[in-house]
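**Q** Just to be clear, the model below is a prediction. Sequence and coordinates:
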Amino acid sequence: MVGLRWVCVAVCMVAWVGVGCDRPTSHKARSGLAANPETLDFGVAALGVTKTMKVRLTNQGRAPFTVQGATASLPNVEVVPFEAFELRAGGEREVEVRFTAHVEGKVQGMLEVLTDADNVAQLGMAGQGVKAWLDVPARTLDFGNVELGSVALREVLVRNPSKAETPVRVDLDGMDVDQFGSSEAGNTFVLQPGEERLVPVAFTPDRLGSAQALGRVSVVCPTCEPSVVTLQGTGVAGRLEVTPLRVEFGRVPIGATVEETITVRNLGTEPMTYGGVKLLDNGGGVYRVVNAPSLAGNVLAPGGMFEVKVAFSPTVNGPAPTTRVELDVRPLDSTRPGPKVALSGEGGASCVVLQPEPLDFGVVAEGMSATREVRIQNRCRTDVLVSDLKLQTKKGGYFMLAQAAASTPIPVGQSHAVPITYMPRAGTGAGEAELVARVLIGRSNSTESVKVMGTGKVFSPCQYKLEPAEVDFGSVPVGSEVTLAAAVHNTGSTDCYLAGMQVAQGSDAAFTAEPKGNGVLAPGKRALLRVRFKPGAEGVLTGMAEGWVNHPTQGHLVVPMRGEGTNGCFSVQPTTLDFGVLRLTCGPKERELVVYNNCAGPTTVVAMNTEGDVGRFRVAHSLFFPAVLPAKSQTRLKVTYDPKSDGDDSASLRFDLGSGSPYTAGLVGRGVAKTDQTDDFVQEAQAKVDVLFVVDNSGSMMDEQHSLGANFSAFLTHAAEAGVDYRIAVTTTGLERSSGGWAVCPGGGEGGENGRFFPVDNSSPRIISPTTPSAASVFARNTNVGVCHWNEQGLEAMYRALSDPLVYNVDDPRSPVPQDGNAHFLRDDAKLAVIAITDEEDFSPQPVAAYETFLRELKGQDASKVIFSAIAGPKDLSTCSKASSSGTRYIELAEKLGGVVESICTPNWAASLEKLSESAFGPNRAFPLSERPSDTTRIVVRVDGVEVPGSNWKYDGPGNTVTFERNAAPAPGARVEITYPVGC
């Protein structure tokens, strides 16, 4: 037995030797290659930002080896390339590794270092991508008035509220960037999580008047949008008064000359040297100094004044380059440069413009008619009178004024529409006419005209199909809105002429639609009229969609519509799922619907089906019908939109509860093949503005109320210049009546206006307009609201002032005071400006977002029609000892709605109110884009067909808007075209 045992052992040893000399891996000797650290933990990294770590490689063995390279298992980890190197015993070398986070979340991987020996180092890697962002509270850095040649310093606070170490870059640009500077401009610095830094900015004016530039604070990464701070200040001449600070010649016809006068006064008690007047940078040769005086001894005496005449003679259409005229006036023995006044003007035709030019009806079917509008726009500095409108047909059809011609005054910045109807004459083909208008501008007359054209065509009777035969909105919760479509499909082999698709007169007011213009419908194509149904009460409502096509007996298209308003515990949100515009090359787009069963018990959905363009809308869900939805439950559905061709698509998603009319959700979208988008706007004159002041009536506001009333004329500066039709009212931050005590508030509300305009007892006019006698005195009385309250709820007071039951009622039904409602203030077609004046934080019950939503909805989500501003306690209370606390909620709302924020400790109430005035009454400078540009460097902006230099506008990423610089805002009535590439 012993011999057999040894034989077996020997055989086993031979077998082991036969397979080789390597030991099992678990028995290998320790490698000579070591790495420190053993795990590369990059920690938190901002998306798009690269973090770097170094790995120290050490040879802990006795034999040398060569490090040949290193590889990472993560695609967003890069090993900085290096040449192979030798590590002798005890030698060390560093290798650099970079991590760039591409998505939010944690990632893990492995780094492997390779050598020419049996030495391999494997290091674990980890990192976390987070979205980096910067908090730059100030949207405007205002240096105020600064004397020419002086330096004023301000600071911009930059805070890193994210969890990632963030590289930051500050850049300055804009029209007047040469007058602003910062030691940080063009540099990059790093902010740790939670860290903040004050970035210094200097303003050194070298010319008179307002100056503006942009400070862009951005995270250094390829896709990060910057925070933009507007830098502004005004260069002044100290003891000199120069009027105006900027000469704007406006639009001047080519070949004509306009002269303006600059007045210079010495307001000091010492004489000043005078060295004459000269024109700077007049490359275009269109400006000139007509007359500059000679002063005795070249001295401007104390109290003395002189005038300089300058002229503008344009030679080409479009804006002329801005230039400056230097007034060499300065104190004795001073080398400070004299003030410079900017000159600007534009060459062009008359300041009364007829658009479009020409008015082209395109193709119109013989036997039918089409109506278009010519808009007469007043871009002059004064009101004009349009008379003697004549439409002269020259050939090929009947052109008619849709309404009787009459003399029509057109206020500054406004326009007047002239409807024209075209009916082709049989067999004549193209038609042509001319609209001629005689315009009285001041004492001069001009004749303006526009070409009108169209083409008549004989169409074969249209073969069409209405889809659907009836538009059934089913059950819709009261107050909700569902959008479905009525479609006309050209089923024939020839073109159809389609006209006047609209909701027919007599339909219930719950049915609305934007009418579709006339046009040609090609074979196989269709036209959709999107109809919105928004029931205001329970019950069945009916209406009709209509249109016209070229057909001898069936030319009037009629599609019945019905819907039912309901109040129940079952609902679908959103009631209309609008996919917007989707390019055909971008692939399908997915959105979600939520089905709510808020009933006390389960609800059974018998069936769910899609009607309409079912091939373009697909619904994914996990329901099996009949489906029982538990009480108080939510069910999510995924809807995919995949357009197949250019045009509108529409479908209805029906939920059958087995109890009558199904609940309906609308599905709409538009497919497009183009890759560029052009948005058209017409600059509206801010002819109507409603202004609501919300004034703090707490115990510490007496001086501020007095300052507000005493400087009201400064607030009206821009309103007067622009001829604005304004309405101004005041309410207080108090909701409940004061409990009495040390002070009593006037006006009949005892401090508890609760949103009612002050004074509630009508002891003074409560709404101030341009016709109000002694408006400034009335405003001073109305802002003297008293100091009896303690619970400031300014945002809630604003909300109550502009909502039911106050906003449209003459009398407040909640109080016994007669005629204390807020009727006749809020106008649908007016811009709304709300201005809060307070030294305390807002303690209203709702979040700021709720009040923002309310104001936006009040003006139909039109960002150009609502603005909120505040004179409040600043965020940094060390700069304002009068403020009880920071008005952070007011400031937040002002920043969201593009308003002005001033400190309640303002040293110059007149200047602060002028800024608010410009914000409330100035021209619209922000134009929201309908889609988001894929490349912001390729945005092209045109005003009246002339491309605007990029220095005169900026793109605001968060708001997706193009905003013109203050001095470059389009003139009232101007047509603004913004073209940009769109991606997916």
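**A** On my side now, so go ahead. Nothing here was measured: the structure is a model prediction, and the numbers come from that model.

**Q** quick one, helices of the chain?
**A** All helices of the chain, identified by DSSP state H, fall at 2-18, 702-710, 712-715, 717-722, 775-782, 794-801, 848-858, 888-896, 909-921.

**Q** which one of those helices lies closest to Ala631?
**A** Between Ala631 and those, the tightest spacing by C-beta to C-beta is seen for helix 848-858, at 28.6 Å. C-betas here are computed from N, CA, C, even on glycine.

**Q** and the closest one, what does it pack onto?
**A** Helix 848-858 sits against helix 794-801, strand 831-837, strand 866-872, helix 888-896, with contacts defined as 3 or more C-beta pairs under 8 Å, 6 or more residues apart in numbering; DSSP states H and E.

**Q** thinking again about what came up before, just say which of the helices of the chain is most tucked in.
**A** The highest mean neighbour count among the helices of the chain, using mean count of other C-beta atoms under 10 Å, belongs to helix 794-801: a mean of 25.

**Q** got a pLDDT number for Ala722?
**A** Per-residue pLDDT puts Ala722 at 66.

**Q** what comes up buried for stretch 557-575?
**A** Using 16 or more other C-beta atoms under 10 Å as the test for burial, stretch 557-575 gives 557, 559-566, 570-572, 575.

**Q** Make JSON lines out of the helices and strands packed on helix 848-858 and add mean pLDDT and distance to Val639.
**A** As requested, the helices and strands packed on helix 848-858 are exported to JSON lines (pLDDT from 0 to 100; distance: least, C-beta to C-beta, whole Å):
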{"stretch": "helix 794-801", "mean pLDDT": "94", "distance to Val639": "35"}
{"stretch": "strand 831-837", "mean pLDDT": "91", "distance to Val639": "36"}
{"stretch": "strand 866-872", "mean pLDDT": "90", "distance to Val639": "32"}
{"stretch": "helix 888-896", "mean pLDDT": "90", "distance to Val639": "30"}
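
**Q** Of these, which is nearest Ala426?
**A** For Ala426, the closest of the helices and strands packed on helix 848-858 is strand 831-837, at 49.3 Å, according to C-beta to C-beta.

**Q** Just the CA atoms from stretch 206-223 would do, formatted as PDB, please.
**A** Extracted in PDB, the C-alpha atoms of stretch 206-223 (Å, rounded to 0.1, in the frame of the first residue of the first chain):
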ATOM      1  CA  ASP A 206     -15.300 109.700 -22.200                       C
ATOM      2  CA  ARG A 207     -18.400 111.100 -23.900                       C
ATOM      3  CA  LEU A 208     -21.700 112.600 -22.700                       C
ATOM      4  CA  GLY A 209     -24.900 110.700 -22.300                       C
ATOM      5  CA  SER A 210     -25.900 107.200 -21.400                       C
ATOM      6  CA  ALA A 211     -23.500 104.300 -22.000                       C
ATOM      7  CA  GLN A 212     -24.300 100.600 -21.900                       C
ATOM      8  CA  ALA A 213     -22.300  97.400 -22.200                       C
ATOM      9  CA  LEU A 214     -22.800  93.700 -21.100                       C
ATOM     10  CA  GLY A 215     -21.000  91.700 -18.500                       C
ATOM     11  CA  ARG A 216     -21.200  88.000 -19.300                       C
ATOM     12  CA  VAL A 217     -20.500  85.700 -16.400                       C
ATOM     13  CA  SER A 218     -20.300  82.000 -17.500                       C
ATOM     14  CA  VAL A 219     -19.200  78.600 -16.500                       C
ATOM     15  CA  VAL A 220     -16.300  77.600 -18.600                       C
ATOM     16  CA  CYS A 221     -17.800  74.800 -20.600                       C
ATOM     17  CA  PRO A 222     -18.800  74.500 -24.300                       C
ATOM     18  CA  THR A 223     -22.600  74.400 -23.700                       C
END
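
**Q** what about it, distance to the chain center?
**A** Taking C-alpha atoms, centre = their mean, to the nearest Å, the mean C-alpha location of stretch 206-223 is offset from the chain mean by 18 Å.

**Q** What residues does Leu327 make contact with?
**A** Shown in contact with Leu327 (C-beta atoms under 8 Å, 6 or more residues apart in numbering): 242, 262, 264, 277, 308, 338-341.

**Q** State the number of residues packed around Thr906.
**A** Residues lying near Thr906 (other C-beta atoms under 10 Å) number 19.

**Q** doesn't Ala872 make contact with it?
**A** No: under the criterion of C-beta atoms under 8 Å, Thr906 is not in contact with Ala872, lying 10.5 Å apart.

**Q** Tell me the pLDDT of the closest residue to Arg93 other than its chain neighbours.
**A** Of all residues not flanking Arg93 in the chain, Leu57 sits nearest, at 5.2 Å (C-beta to C-beta, 6 or more residues apart in numbering). Predicted confidence (pLDDT) for Leu57: 90.

**Q** now do Cys12
**A** On the pLDDT scale, Cys12 gets 36.

**Q** Greatest separation within the buried residues of stretch 557-575: which pair is it?
**A** Using C-beta to C-beta, the buried residues of stretch 557-575 reach their maximum pairwise distance at Leu557 and Phe570, which is 34.5 Å.

**Q** who wins for proximity to Pro535 among the helices of the chain?
**A** Pro535 lies closest, by C-beta to C-beta, to one member of these: helix 848-858, at 18.5 Å.

**Q** Also compute the angle for the closest one relative to strand 831-837, please.
**A** Computed by axes from the mean of the first three to the mean of the last three C-alpha atoms, to 10 degrees, the angle separating helix 848-858 from strand 831-837 equals 150 degrees.
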